[in-house]
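[1] what follows is a predicted structure for the sequence shown.
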Amino acid sequence: MAAGRCPVNRFKIVLWLLVLGFAALVVYQNLDFFSAARSLRIDLGVTVYHTPEIALGLYFLAVFLIGLLAAYFASLGQRFRSRQTVRALREEMEAMKAQTPLSPGKESPDEPIQTAVSHGANGNVG
């Protein structure tokens, strides 16, 4: 592979460039909509609050970032559990490697390895 790049990584880069390019095209074609300033009215039942006029594009960006943060925090517990599982499995793997007599860097075992070979009636293998 040239320059240490995997074809899958190149595909991911191309795919992300296409997605970002499409998003930029949508924003560019709807620039009037995204640049229009609007005020939000928030009615809490007891009081009513009006936000200052802000471009709709900023509202969309804020909602996207809030969703991104919500997804990040929602998956945080699972990622910690996965990290602990991976750590435990690595420790178990290292312990198994230490117990294996034919681990790399170790001498061959004292006893010969027994293999299951069937011998026929006349002593031939097979």
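    Noted; the coordinates are in hand.

[2] so what pLDDT did F64 get?
    On pLDDT, F64 comes in at 93.

[3] A116 too?
    At A116, pLDDT is 58.

[4] same check, this time on E111
    Predicted confidence (pLDDT) for E111: 57.

[5] what of A95?
    89.

[6] so who does it touch?
    Listed by Cβ atoms under 8 Å, 6 or more residues apart in numbering, A95 has no contact partners. For the C-beta atoms, the positions are set from N, CA and C on the backbone; glycine is no exception.

[7] distance check, it against G67.
    42 Å (Cβ to Cβ, to the nearest Å).

[8] same deal with F11?
    Separation of F11 from G67 (Cβ to Cβ): 26 Å.

[9] and if you look at R90?
    To G67, R90 is 34 Å away according to Cβ to Cβ.

[10] how about T100?
    In terms of Cβ to Cβ, T100 sits 48 Å off from G67.
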